[in-house]
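Undergrad: need a structure here:
(chains A and B)
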Protein chains: 2
Amino acid sequence: MIQINEHFAELPQSYLFTEIARRVKKYQEKHPAADIIKMGIGDVTLPLPKVCIEAMHKAVDEMAYKETFRGYGPEQGYAFLQEKIRDFDFKPLGVNIETDEIFVSDGAKSDTGNIVDILGIDNKIAVTDPVYPVYVDTNVMSGRGGKLLENGCWSNIVYLPTNSENGFVPELPKEEVSVIYLCFPNNPTGTALTREQLKPWVDYALQHKALILFDAAYEAFITEKDVPHSIYEIPGAEEVAIEFRSYSKTAGFTGTRCSYTVVPKSCKAYGKNGEVYYLNGFWKRRQCTKFNGTPYIIQRAAEAIYSAEGQQQVADIINYYHENAGIIRAGLSQKGFEVFGGVNSPYIWFKTGEKDSWKFFDYLLEEKNIVTTPGVGFGPSGQGYIRMTAFNTNERTLEAIERI
Amino acid sequence: MIQINEHFAELPQSYLFTEIARRVKKYQEKHPAADIIKMGIGDVTLPLPKVCIEAMHKAVDEMAYKETFRGYGPEQGYAFLQEKIRDFDFKPLGVNIETDEIFVSDGAKSDTGNIVDILGIDNKIAVTDPVYPVYVDTNVMSGRGGKLLENGCWSNIVYLPTNSENGFVPELPKEEVSVIYLCFPNNPTGTALTREQLKPWVDYALQHKALILFDAAYEAFITEKDVPHSIYEIPGAEEVAIEFRSYSKTAGFTGTRCSYTVVPKSCKAYGKNGEVYYLNGFWKRRQCTKFNGTPYIIQRAAEAIYSAEGQQQVADIINYYHENAGIIRAGLSQKGFEVFGGVNSPYIWFKTGEKDSWKFFDYLLEEKNIVTTPGVGFGPSGQGYIRMTAFNTNERTLEAIERI
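TA: Numbering: from 1, shown residues only, chains lettered A, B, ... in the order given. Modelled structure (predicted):
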């Protein structure tokens, strides 16, 4: 008899953004004329940089002729892209990453989700709270969740509150954990850690032989000098951390799909009897068996952003969204809200005051026709907060703030 | 302490095509002037159909302007592609598949690999032997393999010999199994099952509440009328089968990456206490959590092959490779080899005579400078066979046959 993975059945049916979409749809059906401004889901609005468009046209033409056609590429990505990543994303930070430590992929969601494949079932997982739901859901699916508690948390997962009380700097776990998800600049809070604040996490991992899964998808939005762009800026991190990067928010690749994951060759894990293994080979085996590489055309688009022109075009995009973030921050502060994030991040996180997150979400949707994301959807410590994104247009962002 | 998934450590290091590449490289280093013809890995050589090139240029241009830019798409694929799949790939067969049963993805390798996520750990897996290594390796990785035996098989996996003795029609499993991988037209043997030969498998699955994972990646190469294009042509299959399709071999998408998986809403699985679940929702949850959709540009390329022009261009490509298959079949038969496949498939499978597969592989590489795939690399029943692919050019295929 075919048996289902019953851990899937334990997951609550409704995924955060599905529930938001349901509420928006319901409101729209009742009020078809409403002019709704979407500042909920983290999707970009600016078109792709010109260099990417040109690179893709060229690559498409290559696919039209026998002589330049490309079939299967390396599962880990083409060297032309890996080399650019090494030289532009890491060398300037003083971080030495080799090309065979870089795995090009189709999205940070895929990689942060699939990484659990190579980890043993008995690992104790820690996440910051609030948290990007994929980290939790993929661990629940693979049997590391335990039981779903009434507050929406899972009994076997350690939640590390990250809120205004601790200045959005989570405390180290009190109980022993072996895998820690860190996303900085953070989704959803928009806050960042300084080098000094990140170091104790690397030290914890080194001391406890734990693994840090470091999601740096928002790295391009960093403006402050003491905020690290890569976890490998912290000494020793290459032994205990995997880093995820994405072009989705940097160059507007949410519908174009390219990302990469760094698994240093010195990054270790252990067998049940303490045997030492190296994760680089495990991830390579996983990717070679279950993935066939990112489209050639798309990898050429990603490569293009590393040209001088490309770097300028990406900087312009980031600046545009930063301007929006500034508008939201200033506007909300002026109205008396307590506002966080938005400086090293496209996300603004603010306190609703007395209302709970979903009630304030409904209020903004129904009274102001603005779609946001209720903080509690990211975990219990998000209760009473709302996330707004800076990814809409300048005009719409200004209008949204005026409405509030 | 971070624990590795130790099942990965149980997998033998060398993946079939890696070992082939190693031997080819070694030979090339010793004989740099050798003119080697590659008929090993199943990669295509003809460029993309013109309609795909045009569609991608258009889609790339859309990504350049705010008004037509596309961000996150639906994880399951755009309706424009799902509708074409429904109307062109299934309706003409008399098979009613709805768009929400179609999940567009980046490759059949990803989907046949990731499908194990939604299946319980205790399922008993059956594969035909020889077999595409991904089916076995992904089950070993997730803990369903048992122990590696001396013959290269896994103790918990049921292997169903498929060879000249049974006319390449495997017998139904003698012990109870709950998941059966079937790939027809078959990789690596190139043989197919008729509707009459496939029906007992669907009946077995219905009777034993088993699940068939049907890999139809080579469907476009079918020429014989009694060979089914989809498992859903067999009554009842929609309750017990998931079907995988790919554009890789059809339209040359090996480096462009697009495929789809059909999970009918009536396809069932069970909990440990016999509760009924439906796999469509499980796969949707898996994809929405660990995948962010296939690039918009690539989906437009796939859509284009369903136009009248596109259908003709794809037919021309398939005909070209069929011609090669005919050349290989005729040539090898003439030299006295026992030859199978190549009629409904781009793969030709032939008996080496007395030599074992790797010895004959080495002989062809070193004496004839032709790269093939040793049959035993696909499982013990492949011993004494060699796989050749029809994906090279007409000229090179002719030359290879002349050399033998």
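
Undergrad: please, which helix or strand holds A:Glu19?
TA: helix A:16-30 (DSSP states H and E).

Undergrad: cool, and A:Ile242?
TA: Assigned by DSSP H and E, A:Ile242 falls in strand A:241-246.

Undergrad: re earlier: buried stuff in the helix holding A:Glu19?
TA: A:16-17, A:19-20, A:23-24, A:27 (16 or more other CB atoms under 10 Å in any protein chain shown). Any C-beta I mention is one placed from the backbone N, CA and C, and that applies to glycine too.

Undergrad: where along chain A do the helices fall?
TA: A:6-10, A:16-30, A:50-62, A:79-84, A:108-114, A:133-141, A:195-208, A:279-290, A:296-304, A:308-334, A:357-368, A:394-403 (DSSP state H).

Undergrad: can I get those helices in JSON lines with mean pLDDT and distance to chain B?
TA: JSON lines is the format used below for the helices of chain A (pLDDT from 0 to 100; distance: least, CB to the nearest CB, whole Å):
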{"stretch": "helix A:6-10", "mean pLDDT": "91", "distance to chain B": "5"}
{"stretch": "helix A:16-30", "mean pLDDT": "91", "distance to chain B": "8"}
{"stretch": "helix A:50-62", "mean pLDDT": "98", "distance to chain B": "4"}
{"stretch": "helix A:79-84", "mean pLDDT": "98", "distance to chain B": "14"}
{"stretch": "helix A:108-114", "mean pLDDT": "97", "distance to chain B": "3"}
{"stretch": "helix A:133-141", "mean pLDDT": "95", "distance to chain B": "5"}
{"stretch": "helix A:195-208", "mean pLDDT": "98", "distance to chain B": "7"}
{"stretch": "helix A:279-290", "mean pLDDT": "95", "distance to chain B": "3"}
{"stretch": "helix A:296-304", "mean pLDDT": "98", "distance to chain B": "5"}
{"stretch": "helix A:308-334", "mean pLDDT": "97", "distance to chain B": "11"}
{"stretch": "helix A:357-368", "mean pLDDT": "96", "distance to chain B": "20"}
{"stretch": "helix A:394-403", "mean pLDDT": "95", "distance to chain B": "11"}
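
Undergrad: now tabulate the ones you listed in JSON lines and tack on distance to B:Gln312.
TA: Formatted as JSON lines, those follow (distance: least, CB to CB, whole Å):
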{"stretch": "helix A:6-10", "distance to B:Gln312": "43"}
{"stretch": "helix A:16-30", "distance to B:Gln312": "40"}
{"stretch": "helix A:50-62", "distance to B:Gln312": "20"}
{"stretch": "helix A:79-84", "distance to B:Gln312": "34"}
{"stretch": "helix A:108-114", "distance to B:Gln312": "35"}
{"stretch": "helix A:133-141", "distance to B:Gln312": "43"}
{"stretch": "helix A:195-208", "distance to B:Gln312": "58"}
{"stretch": "helix A:279-290", "distance to B:Gln312": "34"}
{"stretch": "helix A:296-304", "distance to B:Gln312": "24"}
{"stretch": "helix A:308-334", "distance to B:Gln312": "38"}
{"stretch": "helix A:357-368", "distance to B:Gln312": "50"}
{"stretch": "helix A:394-403", "distance to B:Gln312": "45"}
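
Undergrad: who wins for proximity to B:Ala205 among those?
TA: helix A:6-10 (20.6 Å; CB to CB).

Undergrad: and the closest one, what other elements does it pack with?
TA: Applying 3 or more CB pairs under 8 Å, 6 or more residues apart in numbering or on different chains; DSSP states H and E, one finds that helix A:6-10 contacts helix A:133-141, helix B:279-290.

Undergrad: related to what we said a few turns ago, same for the helix holding A:Glu19, what does it pack against?
TA: helix A:357-368, strand A:373-374.

Undergrad: what about 10 Å?
TA: helix A:357-368, strand A:370-371, strand A:373-374 (3 or more CB pairs under 10 Å, 6 or more residues apart in numbering or on different chains; DSSP states H and E).

Undergrad: among the ones you listed, which is the most enclosed?
TA: strand A:373-374 (a mean of 26; mean count of other CB atoms under 10 Å in any protein chain shown).

Undergrad: what pairs with it, parallel or antiparallel?
TA: Strand A:373-374 has its sheet partners listed here by DSSP bridges as strand A:385-389 (antiparallel).

Undergrad: mind saving the C-alpha coords of the partner strand as CSV?
TA: The C-alpha coordinates for strand A:385-389 follow below in CSV (Å, rounded to 0.1, in the frame of the first residue of the first chain):
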residue,chain,number,x,y,z
TYR,A,385,3.8,43.7,13.8
ILE,A,386,3.2,44.4,10.0
ARG,A,387,5.7,44.0,7.2
MET,A,388,5.7,46.4,4.3
THR,A,389,8.0,46.0,1.2
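
Undergrad: can you give me the angle that strand makes with helix A:308-334?
TA: 140 degrees (axes from the mean of the first three to the mean of the last three CA atoms, to 10 degrees).

Undergrad: show the contacting residues for A:Ala9.
TA: By CB atoms under 10 Å, 6 or more residues apart in numbering or on different chains, the contact list for A:Ala9 reads B:271, B:275, B:277, B:281-282, B:285.

Undergrad: between the helices of chain A, which one is nearest to B:His7?
TA: helix A:279-290 (10.3 Å).

Undergrad: so what secondary structure elements neighbour that closest one?
TA: Under the contact criterion of 3+ CB pairs under 10 Å, 6+ apart, helix A:279-290 touches strand A:102-105, helix A:108-114, strand A:241-246, strand A:259-262, strand A:268-270, helix B:6-10, helix B:108-114, helix B:133-141.

Undergrad: which stretch among those comes nearest A:Ala192?
TA: Nearest to A:Ala192, of the helices and strands packed on helix A:279-290 and by CB to CB, is strand A:241-246 at 15.0 Å.

Undergrad: quick check: buried residues in that closest one?
TA: Per 16+ other CB under 10 Å, strand A:241-246 contains these buried residues: A:241-246.

Undergrad: what of stretch A:87-104?
TA: A:89-90, A:95, A:97, A:99, A:101-104.

Undergrad: same check, this time on stretch A:308-318
TA: A:310, A:313-314, A:317-318.

Undergrad: so what touches it?
TA: With CB under 10 Å, 6+ apart, stretch A:308-318 has contacts from A:44, A:46-52, A:54-55, A:84, A:88, A:220-223, A:247, A:249-252, A:301-307, A:346.

Undergrad: just the buried ones from the residues you listed, in PyMOL syntax?
TA: Restricted to buried positions by 16+ other CB under 10 Å, the PyMOL selection for the contacts of stretch A:308-318 reads:
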select buried, chain A and resi 44+46+47+48+49+51+52+54+55+84+220+221+222+247+249+250+251+252+301+302+303+304+305+306+307+346
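
Undergrad: was I right about A:Leu364 contacting A:Phe350?
TA: No - under the criterion of CB atoms under 10 Å, A:Leu364 makes no contact with A:Phe350, lying 11.1 Å away.

Undergrad: list the residues that contact both of the two?
TA: A:372, A:386, A:388.

Undergrad: and A:Lys225, how many neighbours?
TA: 7 (other CB atoms under 10 Å in any protein chain shown).

Undergrad: that one and A:Gly167, how far apart?
TA: With the distance defined as CB to CB, to the nearest Å, A:Lys225 ends up 19 Å from A:Gly167.

Undergrad: repeat that for A:Gln334.
TA: 22 Å.

Undergrad: A:Asp122: what's it in contact with?
TA: Contacts of A:Asp122 by CB under 10 Å, 6+ apart are A:143-144, A:156, A:178, A:272, B:1, B:3.

Undergrad: what pLDDT is listed against it?
TA: If you check A:Asp122, the pLDDT there is 95.

Undergrad: same question for A:Ser14.
TA: A:Ser14 is given a pLDDT of 64.
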